[in-house]
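**Q** turn this into a model:
(chains A and B)
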Protein chains: 2
Amino acid sequence: MFETAELGRKVDKKSYKQRVPPLREELLRLQEDIRQRRTHQVILLFAGVDGGGKGETVNLLNEWLDPRWMMTNAYAPPDELERQRPAFWRYWRDLPPRGRIGMFLSAWYSQPILDHVYGRSQPHEFDARLDRILSYETALADDGAAIIKFWMHLSHSGQERRLKNLEQDPLTQARVTERDWDNWRHYDRFIEVAEHVISRTHTGKTPWVIVEGEDANYRSLTVGDTIRDTFLRLPRGAAQVSGLPATTKDVNKSAKKKSKAQPAKREALEAATHINVLTQLDMTQSVSKERYLEELRNLQAEIHLLHLRARHKGVATLLVFEGPDAAGKGGAIRRVNAALEARNYQVHGVSKPTDEELAQHYLWRFWRNIPRDGYMAMYDRSWYGRVLVERVDGLASEEEWRRAYAEIHDFENQLIEHGIILIKYWIHITKDEQLRRFKQRKRTPHKRWKLTEDDWRNRKRWEQYELSVHDMVQYTSTDRAPWTLVEGNDKRYARIKVLQTLRDRWVSVLGQTAEPSTRVVRAASRRR
Amino acid sequence: MFETAELGRKVDKKSYKQRVPPLREELLRLQEDIRQRRTHQVILLFAGVDGGGKGETVNLLNEWLDPRWMMTNAYAPPDELERQRPAFWRYWRDLPPRGRIGMFLSAWYSQPILDHVYGRSQPHEFDARLDRILSYETALADDGAAIIKFWMHLSHSGQERRLKNLEQDPLTQARVTERDWDNWRHYDRFIEVAEHVISRTHTGKTPWVIVEGEDANYRSLTVGDTIRDTFLRLPRGAAQVSGLPATTKDVNKSAKKKSKAQPAKREALEAATHINVLTQLDMTQSVSKERYLEELRNLQAEIHLLHLRARHKGVATLLVFEGPDAAGKGGAIRRVNAALEARNYQVHGVSKPTDEELAQHYLWRFWRNIPRDGYMAMYDRSWYGRVLVERVDGLASEEEWRRAYAEIHDFENQLIEHGIILIKYWIHITKDEQLRRFKQRKRTPHKRWKLTEDDWRNRKRWEQYELSVHDMVQYTSTDRAPWTLVEGNDKRYARIKVLQTLRDRWVSVLGQTAEPSTRVVRAASRRR
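**A** Next comes the predicted model:
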């Protein structure tokens, strides 16, 4: 999840100065529009790592927007009067009215997270508190509130650096307390808890946006652009409030047209920094043919034994393969299959849904084919199509793909809780490498059938796909169901990494086999 | 909750025979429409007390509707293949495609309820399983599924009668097993668990309908009418499914117009039986003036002492008063006040929301005034306005008041978990008695101001109000937050019952006072 916010994205001073004025102008215009319509209350919540820029961002927004129609709410531990009421009393009290913006610092997330980090709550208590938060936010969102929750992230070392910098500056020295350092020492636990919080409380209507907090320019623009995009998406006229006068319809119509024409600002920003989980991969990695053949033989032998053991113990395994066209998904799957007994696995190629599948919830076709205990299923493309191709091609509405992250999270949790081992591979190739492979396919008679018009069409949307992959990793790579990103320009390297990852997961669950193979590729461990 | 389904509602043979043919015709027409549009899947779930008529109703619907487009799913304990997959696998597998109707017998509710009744699951595990159910149902509803969950209810003695009848008939003898009797012996626990299940999984999109199961005619018509009403409410054209052809627009438009003109069938049925939680009250109860004065003095003295104790122990109390115009809410509140120290309580008269309140979620104004620990708040009308006046007068949309039951449940749970004692009174008067009081007010100069145009207007909607009160009690009277229905035609009787109820609740939480008063009114215990 947080690997997507440790990439070193930056915006230089010059671009920042260019981007801010039009953004501010638009934010002000939208704020005024929301204020006049009085149909939506806006709730901006800032949580995250200490030093990630929560306070700075709130100050900046007070500068960028019209502060007369905004309120900022920060919370100390409950005082006497607050402790004498239910915990949410103070948050209800501080809600902005329709037409206004309320900014909340950590607020209702603070205590549940800290209590759980420091072992003061049991998992089920913690979940109950998160469910209460979700009910609260959902009730407000159902009532028309626009809710955005920003998670300001810093890496472990980034946080250390930031705290030290603050301490060295006499002006900011006092802001760093022993508690901050104490939290920093619990960083890993904090991040683990945060991942759970975000997975459980991220829905289409109450989304989290994870912000890389290291560079102030990038951070500020990300927040500003996200707010602007959300404001533009607000339904107009729909949230009619009883008793309040209706709004002018003509203004609505023209604004709606306008909003459709404009691309999302945040996507433009991400495209401009051009840094995401995919661009950060070292795509030059390769394996020699000799090493490959030797390693392949060893790994396949080991995997053969491990799967017999999995079969015996009744442990099912589900492999998901996603990646651009021609990335080598099929080839990797065949190298896994070669190590297995044919009756113990199934490969599911996922293409356009059948009529029967279209008449059901999109997850239905995947529920159908869940492997039995001890068996194995491999998916060449998967349910992630909802947030990849369906998002990019507009086959799913924005509301549909946005709520899909939570639905997928719930689906995968059910697999994992049943004891299924779930491994998700994104096999990546560069745009150039894809072109090379396309051309090669065109030249090779027995491969020509593999190349379709769709492939060329998808290629034109490469940047949109990259962003959707980035978001997918952000919201669905969790401790229990991580994504393994596979550098696929060298097919041999990719296949070995796929097999090693599977072997490692099996070994960690089923125990070592008698003959551990040597390792060519660096530990294909989970990227965090 | 279930007191609303133990009222002895019946439909005689003649009316039944009159009502069924047009209902069947309309159901068939609507089923065909849904089938052709292929935008919604229909999920009808039947759960409840053994013998409540689940199976019979499913058989009947297979007769009434076109069985070619329906499927019935009943579940034995998971078989070998099912146990080898996550628990929801079989329920996903059995979903009807869009355009069809799936009927489910107990299904995903069965195991969680039984496990909890028989002590095989802890409360937090149980809640986690209910949350999973809610995620499942919500994902389907978000995708356009029409979901109705019927809880077929029988009273304890009603269930016994029913099982014995089945046993005596050689044809049905074999259907009664030792397990049924075992469940019957756990009736109270079963009902307690069911109440929790329904409260937690009843939402606007995934509603429960509690059906009185005693009389087969009433039961069948209730189910049929509810299905018909739900079908008519389905959004048309909204749930456009990618890849499927759009539907004929003209048909939709005319159908929409038609549906607006027709009243909800179920309401008509309830009005025809004219039995609900209010009509079942014994409105003739009264107290003589002498007994009243004596009892009032005793109760007020006791309440005075108890509130000092509550104040000292920091226990807050919140009294909700609802009832028709002129029911005597204010008078009852004054009799409570007279026993309290003025600085320890507040009375909130709830009328039309202010501008400030209108610009917030409807619960906001109530969160504002939650009493501090040890204090007391009395509400003359309350948040229940959402499901009473706002529903009847159309100030809240159907979607809004339907989801309000779950929101109120969550709100009240937070009060109760904080330790607040919550007592909800419905002070009832008959329609005739109201007229008498209105006329009296007109004649009495110092009371004339109390009578407004609104009062006469509301009176015209008496039957609609009655139904909304019935539904309110059905969904919001729970073990932890019961409604006390007060027979209010005799003001003295009503006031004594209000005070006794408060005294009894305080005694149960704070302990007995030195001087227990005698009792005039029969135990004002919770109606179940």
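**Q** from here on, contacts and neighbour counts on C-alpha atoms
**A** OK.
**Q** near chain B, anything from stretch A:379-393?
**A** No. Stretch A:379-393 does not reach chain B (C-alpha under 8 Å from any C-alpha of the partner chain); its nearest approach is 10.0 Å.
**Q** low pLDDT regions in chain A?
**A** A:237-263, A:514-528 (pLDDT under 70).
**Q** ok now the helix or strand harbouring residue A:436, how far from the chain's centre?
**A** Residue A:436 is part of helix A:431-443, with elements assigned from DSSP states H and E. Mean C-alpha position of helix A:431-443 versus that of the full chain (C-alpha atoms, centre = their mean, to the nearest Å) differs by 30 Å.
**Q** which of the residues in the next helix or strand after it are buried?
**A** Next helix or strand after helix A:431-443 toward the C-terminus (DSSP H and E): helix A:453-460. Residues of helix A:453-460 classed as buried: A:458, A:459 (neighbour count, 16 or more other C-alpha atoms under 10 Å in any protein chain shown).
**Q** helix A:453-460: what's the following helix or strand?
**A** helix A:462-476.
**Q** can you tell me what sits against that next one?
**A** A:1-4, A:199, A:210, A:267, A:270-271, A:276-278, A:387-389, A:391-392, A:405, A:408-409, A:431, A:482-483 (C-alpha atoms under 8 Å, 6 or more residues apart in numbering or on different chains).
**Q** among the residues you listed, which ones are buried?
**A** Using 16+ other C-alpha under 10 Å, the buried ones in these are A:1-4, A:199, A:210, A:267, A:270, A:276-278, A:387-389, A:391-392, A:405, A:408-409, A:482-483.
**Q** which of those residues fall in helices?
**A** Counting by DSSP state H, the buried ones among the contacts of helix A:462-476 place A:199, A:267, A:270, A:389, A:391, A:392, A:405, A:408, A:409 in helices.
**Q** show me what from the stretch 301-450 of chain A comes close to chain B.
**A** So the stretch 301-450 of chain A meets chain B at A:356, A:358-361, A:364, A:367-368, A:370-373, A:395-396, A:407, A:410, A:414-415, A:417-418 (C-alpha under 8 Å from any C-alpha).
**Q** can you select the buried ones among these for me in PyMOL?
**A** Here is the PyMOL command that selects the buried residues among these (16+ other C-alpha under 10 Å):
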select buried, chain A and resi 358+359+360+361+364+367+370+371+372+373+396+407+410+414+415+418
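**Q** if I look at residue A:32, how far off is chain B?
**A** 16 Å (C-alpha to the nearest C-alpha, to the nearest Å).
**Q** surely that residue is within a helix?
**A** Yes. Assessed with DSSP: H, G, I helix; E, B strand; the rest coil, residue A:32 lies in a helix.
**Q** quick check: end-to-end length of stretch A:350-369?
**A** Chord length of stretch A:350-369, first to last residue, is 11 Å (C-alpha to C-alpha, to the nearest Å).
**Q** can you list contacts of that stretch?
**A** Contacts of stretch A:350-369 (C-alpha under 8 Å, 6+ apart): A:377, A:379-383, A:386, B:38, B:41, B:89, B:92-93, B:95-98, B:140, B:143, B:241-244.
**Q** now swap in stretch A:86-94 and tell me
**A** By C-alpha under 8 Å, 6+ apart, stretch A:86-94 touches A:73, A:82, A:107, A:108, B:364, B:367, B:368, B:370, B:414, B:415, B:417, B:418.
**Q** extract the CA atoms of that stretch and return them as PDB.
**A** Taking Å, rounded to 0.1, in the frame of the first residue of the first chain, the C-alpha atoms of stretch A:86-94 are listed here in PDB:
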ATOM      1  CA  PRO A  86     -20.300   9.700  23.700                       C
ATOM      2  CA  ALA A  87     -17.000   9.900  21.800                       C
ATOM      3  CA  PHE A  88     -18.400  11.200  18.600                       C
ATOM      4  CA  TRP A  89     -20.200  14.100  20.200                       C
ATOM      5  CA  ARG A  90     -17.400  16.500  19.600                       C
ATOM      6  CA  TYR A  91     -17.100  15.500  15.900                       C
ATOM      7  CA  TRP A  92     -20.800  15.900  15.300                       C
ATOM      8  CA  ARG A  93     -20.600  19.300  17.000                       C
ATOM      9  CA  ASP A  94     -17.800  20.500  14.700                       C
END
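**Q** was I right about residue A:219 contacting residue A:225?
**A** No. With contacts counted by C-alpha atoms under 8 Å, residue A:219 stays clear of residue A:225, the gap being 10.0 Å.
**Q** mind checking how far residue A:52 is from residue A:222?
**A** The value you get for residue A:52 to residue A:222, if C-alpha to C-alpha is used, is 13 Å.
**Q** of these two, who's got more company?
**A** residue A:52 (27 against 23; other C-alpha atoms under 10 Å in any protein chain shown).
**Q** so what's that one up against?
**A** Residues in contact with residue A:52 (C-alpha under 8 Å, 6+ apart) are A:152, A:153, A:154, A:159, A:213, A:214.
**Q** can you rerun that using 7 Å?
**A** The contact partners of residue A:52, by C-alpha atoms under 7 Å, 6 or more residues apart in numbering or on different chains, come to A:152, A:153, A:154, A:213, A:214.
**Q** for the third one, grab phi and psi.
**A** I take that to be residue A:154. Residue A:154 adopts backbone torsions of phi -140, psi 150, taken as degrees, to the nearest 10.
**Q** end-to-end on stretch A:80-99?
**A** 31 Å.
**Q** kindly report the same for stretch A:103-116.
**A** Its first and final residues considered, stretch A:103-116 spans 24 Å by C-alpha to C-alpha.
**Q** which residues touch that stretch?
**A** By C-alpha under 7 Å, 6+ apart, stretch A:103-116 touches A:43-47, A:71-75, A:121, A:126, A:129, A:193.
**Q** which pair of those spans the longest distance?
**A** Farthest pair in these (C-alpha to C-alpha) is A:71 and A:121. Separation: 31.5 Å.
**Q** pop the domain breakdown of chain A in here.
**A** A:2-273, A:289-510 (automatic domain parsing).
**Q** to residue B:503, which of the ones you listed lies closest?
**A** Using C-alpha to C-alpha, the domains of chain A put domain A:2-273 closest to residue B:503, at 22.9 Å.
**Q** next, count neighbours for residue A:476.
**A** 21.
**Q** can you check residue A:119 too?
**A** Residue A:119 has 10 neighbours, counted by other C-alpha under 10 Å.
**Q** what strand or helix carries it?
**A** Going by DSSP H and E, residue A:119 is not part of any helix or strand.
**Q** gap between it and chain B?
**A** Applying C-alpha to the nearest C-alpha, the value for residue A:119 to chain B is 18 Å.
**Q** measure that residue to residue A:186 for me?
**A** Relative to residue A:186, and taking C-alpha to C-alpha, residue A:119 is found at 11 Å.
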